[in-house]
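Participant: Sequence and computational prediction follow.
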Amino acid sequence: MERWYMNVSDRTLRHVRQWIEKAEHDLRNAEHTMTLKEDCPFDTVCFHAQQCAEKYLKGFLVFQSSDFPEVTKEKARNAVELAQRVRNAVRDVLKGSA
């Protein structure tokens with residue numbers, strides 16, 4: 001039986017599987033967080049659900065040959081540092097308006 005995705009390279013399939021695995025991690029986080037009942041931070045659930053959908057979409061787009069750059073430890077660290085700088089700047093603005 002011929003694979004319907006026969007023209008897709010093994011490298012692309014690996015990349016698609018990586019996006020799917022990342023999406024599943026976000027879904028698992030959202031589902032687990034929902035078990036907190038009254039203490040559930042629903043904004044966190046929504047964030048992980050949105051991330052899950054985005055990563056499934058990226059996997060689909062990679063499968064359709066629209067590649068995305070790989071996430072590395074350095075890129076993640078840079079993103080966290082940027083988020084921290086933005087947070088601090090917002091805090092400074094809010095302190096100044098109080």
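Facilitator: All right, it came through fine. Numbers count the residues shown, from 1 in each chain.

Participant: can I see the domain layout of the chain?
Facilitator: 1-67, 69-98 (automatic domain parsing).

Participant: which stretch in the ones you listed is the model least sure about?
Facilitator: Note on the domains of the chain: domain 69-98 shows the lowest mean pLDDT, a mean of 83.

Participant: and for stretch 48-68, what are the contacting residues?
Facilitator: For stretch 48-68, contacts defined as CB atoms under 8 Å, 6 or more residues apart in numbering pick out 5, 8, 12, 15-20, 22-24, 26-27, 29-30, 33. C-beta coordinates here come from the backbone N, C-alpha and C atoms, glycine included.

Participant: What's the first helix or strand after the helix or strand hosting residue 32?
Facilitator: If you go by DSSP states H and E, residue 32 is part of helix 10-34. Following helix 10-34 in sequence order, the next helix or strand is helix 42-63 (DSSP H and E).

Participant: Would you indicate which residues of that next one are buried?
Facilitator: Buried residues in helix 42-63, counting neighbours by 16 or more other CB atoms under 10 Å, are found at 45, 48, 49, 51, 52, 55, 56, 58, 59, 62, 63.
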